[in-house]
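Novice: How does the following fold in three dimensions:
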Amino acid sequence: MDAVTPSRVRRVTGPLVEVDYTDGMAMGELVLLGEAGLTAEVVAIRGKVATLQAYEYTGGLAPGHPARRLRKPLSVRLGPGLLGGVFDGLLRSLTGVGELLSPGESASAPEERTWTFHPRAEAGQHVTEGGVLGDVGGAATSVPLRLLVPPGRTGPVERIAPDGRYGEDEVLAVVEGAEVRIASEWPVRVPRPVRERLAAREALTTGQRVIDLLFPVARGSTVAVPGGFGTGKTMLLQQIAKWCDADVIVYVGCGERGNEMAEVIDELSLLEDPRTGGRLSERTVIVANTSNMPMMAREASVHTGATVAEYFRDMGLDTVVIADSTSRWAEALREFAARMGRLPAEEGYPADLASELAAFYERAAAVRTLGGTTGSVTVVGAVSPPGGDLTEPVTAHTERFVRCLWSLDRELAYARHYPAVSWPDSFSRDAAVSAGVETEAAADRRGRVAARLAEADRLAGLVELLGLTALPPRERVSVLGGRLIREGVLQQNALSPRDAYCTPRKTAALADALLAVVDRCATLVDAGTDVETVEAVDFTPVLRVRDEAGPDGTAAVTAARDTVLGRLTEPA
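Specialist: Numbering: from 1, shown residues only. Predicted coordinates:
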């Protein structure tokens, strides 16, 4: 809708702007400020004054400048052109930007993109909301995309375009008087409607052994990744973005450093997609809102990422939202609340912090779409607690709303154990889902690995206090077993082409191999073999095979297991 001019700026205080209130102005409405058209949102109305939060730098804005209402909430433009792109927190393109943008300006596309369209509905056919009108594709699209009937529209197809190539703004169909285009708009804070939410029934494979084996996540579930500085949060999230088996990845860099975002963009553009053979970036959307960008755009960026994921979910796709990090988002909420003069709660955060976090994670779900297909949005959010304090409000509240917690440990990170996921401090309520048809076998494997690790951790304090040689032989085998499982299964080299990604089959084979070796060691010691003899055995084959075998090299794992078992012989 065209903007109209109802008001003028009264006062500017950083990102907060006061304007003259006019009848009809509503909370959450977008307003363009000044001649540059800075985007702002109404956040308070008191008497004849409306307070707005600006999503851009307000330098140069002054009292008396025009304030033009747009009569709509903060919305983003959704379309197939999002795939492979880099955008700011308001989903304005940053692709090809070689210099800083002026306030109110967004990067212009080098040329108008067109997309192939193949109709699947006919004129006169009765369709319902969410139904498929046709298939949309292009040379740079490796994801199956569809043109859907807009939510709230049900009726006959009055007109539909024939096969051909069309721009995103061309009318391809008319349903009950409503024009349907390839591109559409949607408010970022309004979840897109679905027919029903489904129980999670399928695991999301991340390719990271410690996660897939011990703390799996289901499609449509939620994950928090808390960890202090230097524990490898960004590296772990990048690995998940590269290797998880979702159809579309939405990576939200929320308040992170610019060099980290540049590294993510560069690596995704170079990495080959193992499923399609093309570039991984072709099915990735990056929302880059770094620490030097406006504070309120950072606040909107996580909602923008969730809206983009829901757009592709409605096409029957599995999407993953990676937010790095929600702590920076919460800091933006705290800064905004302080500027508004709201009563602070714990550590200065606003009193509604818990409800804001819950609303964000609530948008994750496995669903039956309006069109009857199934899709999912999985949310993975990093948490960066100051000083590594996991009791601070953002971490504590986040743990209440997520189904999986991958807590990162500073000591593991400093010991160069990657990923530094702490097995005593992490959990997964989706463990039963991950097993699929092999529920009993997978659950038994997970339980045995966890038991070995727990026993080794229990004895670690005694080893530090008394020394390893002071323990009984069976306890020394437990310590040995914990070390072998940590080094041979849970550690993973993100820089190795063979070990950066691991299939579920290889993960299971490695775990079974190390469990067999540890069980043989225990059997030998119980049968009378000197524990020093067992500890002196060369376990190198089963420790190195994770990096020497390919991502699905189960045969090599079996051979390494047999080699070590052959060295563990019965006493004479």
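Novice: got the domain boundaries for this structure?
Specialist: What automatic domain parsing lists as the domains of the chain is 4-75, 113-184, 196-434, 439-567.
Novice: where in the stretch 1-150 of the chain is pLDDT low?
Specialist: 1-6, 96-112, 138-141 (pLDDT under 70).
Novice: now the helices: where do they sit in the stretch 151-300 of the chain?
Specialist: Counting by DSSP state H, counting those that start in this stretch, the stretch 151-300 of the chain has helices at residues 209-214, 233-243, 258-270, 295-313.
Novice: what distance separates the first one from the centre of its chain?
Specialist: Pointing back at helix 209-214 there. Here helix 209-214 is found 17 Å from its chain centre; the criterion is C-alpha atoms, centre = their mean, to the nearest Å.
Novice: What of stretch 375-394?
Specialist: 11 Å.
Novice: which of the residues in that stretch are buried?
Specialist: 375-385, 388, 390, 392-394 (16 or more other C-beta atoms under 10 Å). Where C-beta positions appear, they are placed from N, C-alpha and C, glycine not excepted.
Novice: likewise stretch 522-535?
Specialist: By 16+ other C-beta under 10 Å, the buried positions in stretch 522-535 come out as 522, 524-525, 529, 531, 534-535.
Novice: pLDDT averaged over it, what's the number?
Specialist: Taken as a whole, stretch 522-535 carries a mean pLDDT of 93.
Novice: And the buried residues of stretch 375-394, which two are furthest apart?
Specialist: Taking C-beta to C-beta as the measure, those span a maximum distance of 36.4 Å, between G375 and G388.
Novice: quick one on the thing from earlier: out of the buried residues of stretch 522-535, which comes closest to I265?
Specialist: Using C-beta to C-beta, E535 is the member of the buried residues of stretch 522-535 that sits closest to I265, with 47.3 Å.
Novice: Excluding chain neighbours, what is closest to the closest one?
Specialist: Leaving aside its sequence neighbours, E535 sits nearest to L480 (C-beta to C-beta, 6 or more residues apart in numbering; 6.1 Å).
Novice: mind checking pLDDT for that neighbour?
Specialist: Looking at L480, its pLDDT is 96.
Novice: wait, is E411 part of a helix?
Specialist: Yes - the assignment for E411 by DSSP: H, G, I helix; E, B strand; the rest coil puts it in a helix.
Novice: before we move on, back to that, I'd like to know which of the buried residues of stretch 375-394 is nearest to V463.
Specialist: Nearest to V463 among the buried residues of stretch 375-394 is G388, at 24.7 Å by C-beta to C-beta.
Novice: With S407 as the reference, measure out to the closest one.
Specialist: 10 Å (C-beta to C-beta, to the nearest Å).
Novice: do the same with H118
Specialist: For H118, the distance to S407 - C-beta to C-beta - is 47 Å.
Novice: Tell me if R10 really is in a strand.
Specialist: Yes - the assignment for R10 is a strand, going by three-state DSSP.
Novice: Secondary structure element for the nearest residue to it once chain neighbours are set aside, which one?
Specialist: Leaving out its chain neighbours, the residue that sits closest to R10 by C-beta to C-beta, 6+ apart is E18, at 4.4 Å. According to DSSP states H and E, E18 maps onto strand 16-20.
Novice: So which residues lie in contact with that strand, not counting its own?
Specialist: Strand 16-20 is contacted from outside by 6-12, 31, 33, 40, 48-54, 58, 61, 67, 339-340, using C-beta atoms under 8 Å, 6 or more residues apart in numbering.
Novice: So which of the helices of the stretch 151-300 of the chain is the most surrounded?
Specialist: Highest mean neighbour count of the helices of the stretch 151-300 of the chain: helix 295-313, a mean of 26 (counted as mean count of other C-beta atoms under 10 Å).
Novice: tilt between that one and strand 16-20?
Specialist: Going by axes from the mean of the first three to the mean of the last three C-alpha atoms, to 10 degrees, helix 295-313 is angled at 90 degrees with respect to strand 16-20.
Novice: about what we covered before: out of the helices of the stretch 151-300 of the chain, which gets the lowest mean score?
Specialist: Note on the helices of the stretch 151-300 of the chain: helix 258-270 shows the lowest mean pLDDT, a mean of 80.
Novice: just checking, what packs against that helix?
Specialist: Based on contacts counted as 3 or more C-beta pairs under 8 Å, 6 or more residues apart in numbering; DSSP states H and E, the elements that helix 258-270 packs against are helix 233-243, strand 248-254, strand 284-289.
Novice: H126: which of the ones you listed is closest?
Specialist: Closest to H126 of the helices and strands packed on helix 258-270, according to C-beta to C-beta: strand 248-254, at 30.1 Å.
Novice: Buried deepest among the domains of the chain, which one?
Specialist: domain 196-434 (a mean of 21).
Novice: My guess is A513 contacts V557. True?
Specialist: Yes - if you go by C-beta atoms under 8 Å, A513 and V557 touch, sitting 5.4 Å apart.
Novice: if I pick L543, what's in contact with it?
Specialist: Contacts of L543 by C-beta under 8 Å, 6+ apart are 484, 487-488.
Novice: you'd agree it is in a strand?
Specialist: No - if the criterion is three-state DSSP, then L543 is helix and not within a strand.
Novice: Overlap of the contact sets of G388 and S407?
Specialist: Common neighbours of G388 and S407, counting by C-beta under 8 Å, 6+ apart, are G227.
Novice: Rounded mean pLDDT for the lengthiest helix in the chain, please.
Specialist: Looking across the chain with DSSP state H, the single longest helix is helix 439-466. Helix 439-466 comes out with an average pLDDT of 91.
Novice: could you point out which element follows it?
Specialist: Moving toward the C-terminus from helix 439-466, the next helix or strand (DSSP H and E) is helix 473-485.
Novice: next one: that following helix to chain centre, how far?
Specialist: Distance, stretch centre to chain centre, for helix 473-485: 36 Å (C-alpha atoms, centre = their mean).
Novice: same deal with stretch 159-168?
Specialist: 33 Å.
Novice: what residues does it touch?
Specialist: Applying C-beta under 8 Å, 6+ apart, the set of residues contacting stretch 159-168 is 79-81, 112-119, 121-123, 133-134, 170-174, 181-183.
Novice: ok, now stretch 199-208?
Specialist: Stretch 199-208 has contacts (C-beta under 8 Å, 6+ apart) with 212, 216-221, 236, 239-240, 242-246, 318, 320, 366, 378, 419, 430, 433-436, 492, 500-504, 551.
Novice: Equivalent analysis for stretch 443-459, please.
Specialist: With contacts defined as C-beta under 8 Å, 6+ apart, stretch 443-459 is touched by 213-214, 423-424, 431-432, 435, 471, 475, 478-479, 481-483, 485-486, 489, 508, 511-512, 515, 518.
Novice: can we see that at 7 Å?
Specialist: 213-214, 423-424, 431, 435, 471, 475, 478-479, 481-482, 485, 508, 511-512, 515, 518 (C-beta atoms under 7 Å, 6 or more residues apart in numbering).
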